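just the structure for this:
(chains A and B)
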Amino acid sequence: AAGMAAPTMEERKACWGARDEFWRCLDSHGDDAAQCEKLRRAFEARCPQQWVKHFDKRRDFLKYKKMLETEGYRPPEAAGKS
Amino acid sequence: LRRRVAVAGAVAGAVAAGWLYLRQQKERQQRSRRLRDLRALALGQGDFELRDVSGTPRRKADFLGRWVLLYFGFTHCPDVCPEELEKLSRAVQLLERDAALPPLQPLFVTVDPERDDAAALARYLRDFHPRFVGLTGTPEQVRAAAAAFRVYVSAGPRDADGDYVVDHSVLTFLVDPDGLLRDYYSRSRTAEEMAQSVRGHMDTYEPLPP
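Okay, the predicted model is just below:
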């Protein structure tokens, strides 16, 4: 079993706050992560690595969902006709 | 002629009465058969054998007589579990405002027994409703409890620090005082909606006769 104790409520909120700041930066820079290096590092410092991975996946999913809502579902190009 | 009509009417009335009586009997038998089935279902389904934070063994039977709102999660959960537990706590609080309603028991069962021992659960649940009961156990006991509620559990790969997340169904279950599953709530339900639904179940609840 891992030796680390689970994050407390305060630690969770600090992590979520750092994540939200990072995401807000991404939102205002068209997802250009290079513009948000400092906040990315703060986010990684405040959150367990497993949570960083989880939130990165969450962000990708939310972006995908948004794309579906705004652009609509585009099925992958089929080689032949329907 | 009038007498014949009267006699025919009386016979028809008697036949109708007899038919209604028989139908009533049939319904009564069906009801009692259903109650017997429900009682057997309540005893068999969703049972668990776990331990609370004081180390006391707890089974579903220990919660009979009370309404229960049950959530499966783990303390290393990034965001979903705190959100759902917050919602669950709030729903319980909303219902507590009505003194006429029976008490609702919030229950948390870990899907990560390796890390979530009694101390970890106690620490975690401090941030939520004060009456929250946390349950843990051996991996086998936890696996059985999750299976009893058809909850999907899958621990992810460990990283360099030995940390991992557990993928699991996100559901809050409502169990009635007879131990029967009455409803379940997904992430999309708000605390208010949950409280409303629970109240509806409480209002229409009829205890199973012994």
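
what comes into contact with stretch A:9-17?
For stretch A:9-17, contacts defined as CB atoms under 8 Å, 6 or more residues apart in numbering or on different chains pick out A:7, A:43, A:46-48, A:51, B:79, B:82, B:127. Bear in mind the C-beta positions are built from the backbone N, C-alpha and C, glycine included.

where's B:Phe48 relative to B:Val175, distance?
The gap separating B:Phe48 from B:Val175 is 11 Å, by CB to CB, to the nearest Å.

try B:Glu140
Plainly put, B:Glu140 is 22 Å away from B:Val175 if you go by CB to CB.

higher neighbour count, the two?
Taking other CB atoms under 10 Å in any protein chain shown, B:Glu140 and B:Val175 do not tie; B:Val175 has more neighbours (24 against 10).

what's the overlap in contacts for B:Phe48 and B:Val175?
With CB under 8 Å, 6+ apart, B:Phe48 and B:Val175 have common neighbours B:Lys60.

may I see the buried residues of stretch B:123-136?
Residues of stretch B:123-136 classed as buried by neighbour count (16 or more other CB atoms under 10 Å in any protein chain shown): B:123-125, B:128-129, B:132-136.

how about residue 49, phi and psi?
In the absence of a named chain, chain A is used. When read as degrees, to the nearest 10, the backbone of A:Gln49 gives phi -50, psi -40.

wrong one, chain B
Note on B:Glu49: its backbone torsions stand at phi -140, psi 100 [degrees, to the nearest 10].

was I right to think it contacts B:Arg59?
Yes: counting by CB atoms under 8 Å, B:Glu49 touches B:Arg59, with 5.5 Å between them.

looking at these two, which one has more neighbours?
Shown here are B:Glu49 and B:Arg59; by other CB under 10 Å, B:Glu49 has more neighbours (16 against 11).

just give the closest residue to B:Phe74, not the sequence neighbours.
Nearest non-adjacent residue to B:Phe74, counting by CB to CB, 6 or more residues apart in numbering or on different chains: B:Asp112, 3.6 Å away.

farthest pair in the contacts of stretch A:9-17?
Greatest spatial distance among the contacts of stretch A:9-17 (CB to CB): A:Phe43 and B:Asp127, at 22.2 Å.

now the closest residue to B:Asp79 other than its chain neighbours: which helix or strand?
Among residues not flanking B:Asp79 along the chain, A:Trp16 sits closest, at 6.9 Å (CB to CB, 6+ apart). Counting by DSSP states H and E, the element that carries A:Trp16 is helix A:9-28.

stretch B:196-208: how far from the chain's middle?
Remark: stretch B:196-208 is offset 12 Å from the chain centroid, using CA atoms, centre = their mean, to the nearest Å.
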